[in-house]
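Colleague: Predicted model, plus sequence, below.
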Amino acid sequence: MEIKIKLVTVKELFSSSNWDNVVSAYINESNNKVLPKANVQEYVYQELEDTGMFKVIAAYEEDKLVGFIMASFSILPHYLVKSVSTSAIFVLQEYRNTNTTKRLLNTLEDVSRKAGIKAFIMTAPKESRLEKAARIFGFTATNTLFTKVLS
C-alpha cells in the first residue's frame, strides 16, 4: 500500500476514521516526566489553526491515518527570522520503518519554505529514536529544552 502525505485541517485530522486509536498511541508514547499526561482536545488545536500560525501534515494509507506532525509558525525576534516548530510528531509503530517520518518532515519543510520560513525547529524527547533521527534528517542540536511546572 502507498502512504500519502498531505497538509490537512485540524477537523480532517480529528475526523480520521482511526483517530481515537492513533491519538491513544500518541498519548501513551508522548509522556513528559514533568508535565501531566497529554490531553488532546480538538478545540484547542482548532483555535491555534484559526490564527493561521498552526499547520498539520498527515500520513494516510488509503483512509487510515498512520502519522502526523503538528507545527506552529512564529518569528524568532532576536534573529528576525520566521520559524516553524514541531509540537507533535507521531507515526504508528508498524509504519516507522517506511520512511513516513522523513516524508512528513520533508512535506512540512516544503510547506514552510513556500511560506517564507527560514528556520525549522524540531523538538524530540531526550535519547529517543526521534532525537537520533533528527541528526540523520539534517537537524543540528542547538539548545537543550528544560521544563519546570509552575503552581
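Modeller: Looks like it arrived, so ask away. Residues are numbered from 1 along each chain as shown.
Colleague: Centre of the chain to stretch 70-85, how far?
Modeller: Averaging C-alpha positions (C-alpha atoms, centre = their mean, to the nearest Å) puts stretch 70-85 15 Å from its chain's average.
Colleague: Same check on stretch 4-19?
Modeller: 13 Å.
Colleague: quick check: mean pLDDT across it?
Modeller: Mean per-residue pLDDT for stretch 4-19: 98.
Colleague: buried ones in that stretch?
Modeller: I5, V8, V10, L13, F14, S16, W19 (16 or more other C-beta atoms under 10 Å). Any C-beta I mention is one placed from the backbone N, CA and C, and that applies to glycine too.
Colleague: per-residue confidence averaged over the longest strand along the chain?
Modeller: Secondary structure assigned by DSSP state E gives strand 64-76 as the longest strand of the chain. What strand 64-76 shows for mean pLDDT is 97.
Colleague: Okay, now the sheet partners of that strand, with direction.
Modeller: Here strand 64-76 has these sheet partners by DSSP bridges: strand 54-61 (antiparallel), strand 81-91 (antiparallel).
Colleague: In the buried residues of stretch 4-19, find the pair that's most separated.
Modeller: Of all pairs drawn from those, the one with the longest distance (C-beta to C-beta) is I5 and F14, at 18.0 Å.
Colleague: Restricted to strands, list the buried residues of stretch 4-19.
Modeller: Using DSSP E, the buried residues of stretch 4-19 in strands are I5, V8.
Colleague: Pick out whichever of the buried residues of stretch 4-19 sits closest to A134.
Modeller: I5 (18.2 Å).
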